[in-house]
Structures are given as C-alpha cells and as structure tokens.
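Novice: Quick one, fold the following:
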Amino acid sequence: MVTGNPEGSTGGEDENPFPDLPDFEEWSPEETLEVLTSGEMTIEGRVADSSNATFVVTLEHDLGVTRAVYKPLRGERPLWDFPPGLHRREVAAWELSRHLEWDLVPPTVARDGTYGEGSVQLFVPADFSEHHFTLVDDPAHGERLRLICAFDIIANNTDRKSGHCLAGRDGRVWAIDHGLCFAADFKLRTVIWEFAGEPLPPKVTEGLAELAGGLPDSVTDLLDRDETRALYERVNRLLESGVYPVDETGRRYPWPLV
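Specialist: Coordinates of the predicted model:
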C-alpha cells in the first residue's frame, strides 16, 4: 500500500495507484541505467507497509520520465544479523540476475537521492493482486518461478514472501525485495517450495556452472569475504545436487507469507 495522493488513485489496496509512464519500454538497457542513475528524483509516495523506508519516486531525464522504488540507507531499521547497507544487497541481487541473464530483478542502482544514499530500482507496472501463490499453478509462469527459486537458494534469500513475486504487465514474473540476501550463514526463508526434489532445468544448471567458474566482480565487490565464499559454496552445492532442495524442517518460511 502506498501513502500519499497521487493523481489518478482511487484508493484500492491492490491496484497500482500510479498512472503508467511507458517511456522506459522504449529505452535500451544502458539508457534505463542512465535514467535510474542520474534522473532528477521526486518523491510520489511512501510504501506504508514496508519494514524500512521505501518510496515510489519519479525520475525525470532528457530521455524521458519513469518511476522507481527508492530505499535510502538512512531509512533502514537496525538488524542484529545484517550490517547497515541493505540497499547494496538490492544492487548485488540485480547484478547477479543480470550476469546470469535470467532477467528476474528489475534494473537497480545505488545512488544519492532525496534522503541520501540508497538503492533505486525500476518500478514494475504490475497486477498487485497477484503473487506467487496465485501464479504458481499457471504453467505459463513455471519457468520464471523455477528460476526465482534457484536464485533465492544461491542468494540465500531470507525473506522471499509471496508478494515479492510480481505479475508484470509485460507478462513476466519479476522478483523484488532482496535486501536480506547474501548472508554468510545459511538463512533461506522462502514460500517457493513447490519444486522441491525436481531436477534443475538446463537454464539453471548452465547458469550455476558459469558461476562455479568464477563469480562476477560486480557482485562480489558489494559483499564481504565471508559472504562471497558462502555464495560460491551455495552455487557449487546446488550444482552438484542437481535438484531443488527439500525443506525437511518445514520451517523455512518467512512471515508474513504474503
């Protein structure tokens, strides 16, 4: 839910209260990053139910205007098991998705914004009444949900709620909210267990094999030494097993689930 009174909002909890800004669909990946990095930022509203300060913003640039999600460092709640700087983990997740060419995470950069340093992620126009639990039985989404499942395992996602899988208006399922990833200790918490015991798809094994040959600097530069080592170990462990893991405890779920 977003607070504020953006033009065109009718106040529905599940709807997108922001009118579309389609310019980004015409941009190249490089142009999208340019707008995210240097576009002039204006706050439109705050995501009220987010654990940390999260804002929907507009970015104005010579290339056009688009929306983004801004998570400033100064708006983070202190955590006992993660150091400050969750926004850098948001960027690392996008860099990992980009390196794998899985295209699961919307483009994300670190930059200064209205409230200082933070992550800025391209806003995904989506049907916000949909989420993992409503999408998983549709075969059309099977490939991307299996990719997200594998991604969460290697990224050690501690908070894959159902609502963190968005049904984009482009027909793709997008993965968002990766601030609680890449811990050195095993902390996986996810709602995506439907594929447990299944063989990994070829696209997953190919991506894992590439990572096993060397992790990209664009990811490891954002992590500490122990987190980098643990990421490499998770990649190799999943690759060697060849199947999606099973949660034998039945407790590796986030809360709330959606």
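
Novice: what pLDDT does Arg229 get?
Specialist: On pLDDT, Arg229 comes in at 99.

Novice: Can you classify it by secondary structure?
Specialist: Assigned by DSSP: H, G, I helix; E, B strand; the rest coil, the conformation of Arg229 is helix.

Novice: Give the phi and psi angles for the spatially closest residue to it that is not a sequence neighbour, as a check.
Specialist: Spatial nearest neighbour of Arg229, excluding adjacent residues (CB to CB, 6 or more residues apart in numbering): Ala184 at 7.3 Å. Heads up, the C-betas are built off the backbone N, CA and C, glycines and all. When quoted as degrees, to the nearest 10, the phi and psi of Ala184 stand at phi -70, psi -40.

Novice: what's near enough to touch Ala184?
Specialist: Taking CB atoms under 8 Å, 6 or more residues apart in numbering, we find Ala184 in contact with 224, 226-227, 229-230.

Novice: cool, Leu188 as well?
Specialist: 152-153, 156-158, 252.

Novice: Of those residues, select the buried ones using a PyMOL command.
Specialist: Those of the contacts of Leu188 that count as buried under 16 or more other CB atoms under 10 Å are selected in PyMOL with:
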select buried, resi 152+153+156+157+158+252
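
Novice: Now do the helices in the stretch 151-258 of the chain.
Specialist: 202-212, 217-220, 225-241 (DSSP state H, counting those that start in this stretch).

Novice: The first one vs helix 225-241, what angle?
Specialist: Which is helix 202-212. Relative orientation of helix 202-212 and helix 225-241, computed by axes from the mean of the first three to the mean of the last three CA atoms, to 10 degrees: 140 degrees.

Novice: Provide a ChimeraX selection command restricted to the buried entries of the contacts of Ala184.
Specialist: To isolate the buried ones among the contacts of Ala184 in ChimeraX, judged by 16+ other CB under 10 Å, type:
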select :227,230
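
Novice: With distance to Ser241 as new columns, can the contacts of Ala184 be given to me in CSV?
Specialist: Formatted as CSV, the contacts of Ala184 follow (distance: CB to CB, whole Å):
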residue, distance to Ser241
Asp224, 26
Asp226, 22
Glu227, 21
Arg229, 19
Ala230, 16
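
Novice: Go through the contacts of Ala184 and name the one nearest Glu206.
Specialist: Of all the contacts of Ala184, Ala230 has the smallest distance to Glu206: 22.0 Å, by CB to CB.

Novice: Around His131, count how many other residues there are.
Specialist: 22 (other CB atoms under 10 Å).

Novice: Would you confirm that it contacts Cys165?
Specialist: Yes. At 5.7 Å, His131 and Cys165 qualify as touching, with contact defined as CB atoms under 8 Å.

Novice: Ends of stretch 49-56, what's the gap?
Specialist: 13 Å (CA to CA, to the nearest Å).

Novice: Thr114 contacts Glu40, doesn't it?
Specialist: No. With contact defined as CB under 8 Å, Thr114 does not count as touching Glu40 (10.3 Å).

Novice: For Gly213, see how far away Pro78 is.
Specialist: Using CB to CB, to the nearest Å, Pro78 is found at 37 Å from Gly213.

Novice: Next: Thr134.
Specialist: Distance from Thr134 to Gly213, by CB to CB: 37 Å.

Novice: Which helix or strand in the chain has the lowest average pLDDT?
Specialist: Sorted by mean pLDDT, DSSP states H and E, the helices and strands of the chain end with strand 2-3, the least confident at a mean of 50.

Novice: Can you name the next helix or strand after that one?
Specialist: Next along the chain after strand 2-3, taking DSSP states H and E as the criterion, comes helix 29-38.
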